[in-house]
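Peer 1: Okay, sequence plus prediction incoming.
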Amino acid sequence: MNRSNGGGSRIGQYIIPIIIIAVLFGLSFLTRTGTSMRPSYIVVLFVSILNYIVLAVSWNIFSGPSGYIALSTAAFFGLGIYVSALFGESLPLPVLMILAGAISFVIAAIIGVITLRLRGVYFTIFTFGLVLLLQYLILWYEVKFNNLRGRTVASVPYNTVFLSLLVLVGIVLLAAYFVRKSRFGMALSGIGECEDAAAHVGVNTTMVKVIAFAATSFAIGAAGAAKATTMIYIDPPIAFNVMMSFMPVLMVIFGGAGTFLGPIIGAIAFTILQEQLTTKWPKWYMIIFGTVMIISIVFLPKGLVGTIGEMKSMQKKIALLGITAGFMLIGFGFTQILEAAGVSIGGLVFPLLFGIAGFVIFANVFKRHKGKEAA
């Protein structure tokens, strides 16, 4: 019986990786829509979604369990962008991504050895300062020695970028899944719970943190190299946009830090909102983002996935998801009314916002009901 159970558990361990591979393989057929240089809107949108999934999941692999809040995403993403700008004319995209990832890995490892002995807010401040340091250092070098402020980037067919990011997402998701179940992942979690205790039982905490920080920076740099090829022009402020350090954090917090699905859900929701709000309501989208985040932090401190996980009753979980879907339908109807009145806005904005509102309201209703039952 024990052997049978062990075999079943081993088979169960690979169910999620198989699902990941199957879903990504299915998404690869999106390249059949549109053409290579004039892709469909769905391919363009998915390039942004996949890019943010890489950033959010990579950030969560390191910062989620360890508790070290890194704001260096924009630094390594910007390095990847500049690698494409410098070598895009002579190297194919997969090689560019590997090169950008390798450079990011080496720099992150060096920085990690120096800074990952710091704890708390000191590490966070240093990593954010790294973004500004690289931005102004490269700007100074370009102006001083090359008499340039910005560069053009060699374009690559959108379908190629999409497929390259799809492969990268698959690698990152599989890494995130297996790290969570490995001794290395347990060591990261131990560091987050009590670093001194982890060191006391024999964990080389500095080495574990440096490896995790450098490995996730590899993926971030590779994503930057791929995303750069969809741009026409870049300069240091564009490449090292500080918002790229904060967006993955917001996505992870919204979806659920330390969970597997949380960063994916947060990346999808926020990318769609960003893409459509910046097109239709460019002056309002950051206000809406900020409002959603404040509501999430106050009422959903464990994010969407964490909140569902807290509910032990399957009936309540199903009910909450059903109510959320119902609110999304109401949002869709509201969108149709606005469009009939001549007000143009992205089709998924209100369904997402209504769905988030419904989830927040009824998740807290269920929590209060559970508290009253316990009392």
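Peer 2: Yep, that arrived.
Peer 1: Any stretches of the stretch 151-300 of the chain with poor pLDDT?
Peer 2: For the stretch 151-300 of the chain, not a single residue meets the criterion pLDDT under 70.
Peer 1: how about the strands of the stretch 101-250 of the chain, start to end?
Peer 2: Using DSSP state E, counting those that start in this stretch, the strands assigned to the stretch 101-250 of the chain run over residues 151-152, 233-234.
Peer 1: any chance of the ones you listed in JSON lines, with mean neighbour count and distance to residue 361 too?
Peer 2: Heads up, the C-betas are built off the backbone N, CA and C, glycines and all. Output for the strands of the stretch 101-250 of the chain, formatted as JSON lines (neighbours: other CB atoms under 10 Å; distance: least, CB to CB, whole Å):
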{"stretch": "strand 151-152", "mean neighbour count": "15", "distance to residue 361": "48"}
{"stretch": "strand 233-234", "mean neighbour count": "14", "distance to residue 361": "42"}
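Peer 1: Just give the nearest non-adjacent residue to residue 104, would you?
Peer 2: In space, and not counting its chain neighbours, residue 104 is closest to residue 221: 2.9 Å by CB to CB, 6 or more residues apart in numbering.
Peer 1: Can you report how many residues lie near the one you found?
Peer 2: Applying other CB atoms under 10 Å, we find 31 residues neighbouring residue 221.
Peer 1: you'd agree it is up against residue 77?
Peer 2: Yes: contact criterion CB atoms under 8 Å: residue 221 and residue 77 qualify, at 7.1 Å.
Peer 1: Start and end of stretch 31-42, how far apart?
Peer 2: End-to-end distance for stretch 31-42, by CA to CA, to the nearest Å: 9 Å.
Peer 1: And stretch 245-264, by the same measure?
Peer 2: Terminal residues of stretch 245-264 lie 17 Å apart, using CA to CA.
Peer 1: Centre of the chain to that stretch, how far?
Peer 2: Offset of stretch 245-264 from its chain centre (CA atoms, centre = their mean, to the nearest Å): 6 Å.
Peer 1: likewise stretch 136-145?
Peer 2: With CA atoms, centre = their mean, you get 30 Å for stretch 136-145.
Peer 1: Which positions in it come out as buried?
Peer 2: Within stretch 136-145, the residues that qualify as buried are 138, 139, 142, counting by 16 or more other CB atoms under 10 Å.
Peer 1: burial count for the spatially closest residue to residue 50 that is not a sequence neighbour?
Peer 2: Closest residue to residue 50 apart from its sequence neighbours, by CB to CB, 6+ apart: residue 165 at 4.1 Å. For residue 165, the neighbour count with other CB under 10 Å is 24.
Peer 1: go on, the one 4 residues further on?
Peer 2: The burial count assigned to residue 169 is 25, neighbours taken as other CB under 10 Å.
Peer 1: about what we covered before: just curious, which of the buried residues of stretch 136-145 is nearest to residue 181?
Peer 2: residue 138 (39.1 Å; CB to CB).
Peer 1: and that closest one, what is it in contact with?
Peer 2: 82, 236, 239, 240 (CB atoms under 8 Å, 6 or more residues apart in numbering).
Peer 1: now the second one: how far from residue 218?
Peer 2: Distance of residue 236 to residue 218, computed by CB to CB, to the nearest Å: 22 Å.
Peer 1: So these two - more neighbours on which side?
Peer 2: residue 218 (25 against 22).
Peer 1: residues in contact with residue 208?
Peer 2: If you count contacts by CB under 8 Å, 6+ apart, residue 208 has them with 184, 187, 188, 191.
Peer 1: Of those, which belong to helices?
Peer 2: The helices, defined by DSSP state H, take in 184, 187, 188, 191 from those.
Peer 1: re the thing from before, would you list the buried residues of stretch 136-145 in CSV and tack on pLDDT?
Peer 2: Listed next are the buried residues of stretch 136-145 as CSV, based on pLDDT from 0 to 100:
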residue, pLDDT
138, 95
139, 94
142, 92
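Peer 1: which of those lies closest to residue 177?
Peer 2: residue 138 (35.2 Å).
Peer 1: and the gap between residue 360 and residue 323?
Peer 2: To residue 323, residue 360 is 11 Å away according to CB to CB.
Peer 1: Actually, residue 126.
Peer 2: Going from residue 126 to residue 323 by CB to CB gives 43 Å.
Peer 1: do the same with residue 317
Peer 2: Using CB to CB, one gets 11 Å for the distance from residue 317 to residue 323.
Peer 1: same check, this time on residue 155
Peer 2: Using CB to CB, we find residue 155 at a distance of 45 Å from residue 323.
Peer 1: Tell me which of those two has more neighbours.
Peer 2: Taking other CB under 10 Å, residue 155 and residue 323 do not tie; residue 323 has more neighbours (18 against 14).
Peer 1: confidence score at that one?
Peer 2: On pLDDT, residue 323 comes in at 94.
Peer 1: which stretch of helix or strand covers the nearest residue to it once chain neighbours are set aside?
Peer 2: The shortest distance from residue 323 to any non-neighbouring residue, by CB to CB, 6+ apart, is to residue 362 (4.9 Å). Under the criterion of DSSP states H and E, residue 362 resides in helix 349-374.
Peer 1: what's the spacing between that helix and its chain's center?
Peer 2: Here the centre of helix 349-374 is set off from its chain's centre by 24 Å, with CA atoms, centre = their mean.
Peer 1: picking up where we left off before, and of the ones in helices among the contacts of residue 208, the nearest to residue 312?
Peer 2: residue 188 (26.7 Å).
Peer 1: Give me the most central residue, the protein.
Peer 2: residue 56 (1.7 Å; CA atoms, centre = their mean).
Peer 1: which ones are touching that residue?
Peer 2: Residue 56 is in contact with 248, 251, 252, 255, 263, 264, 266, 267, counting by CB under 8 Å, 6+ apart.
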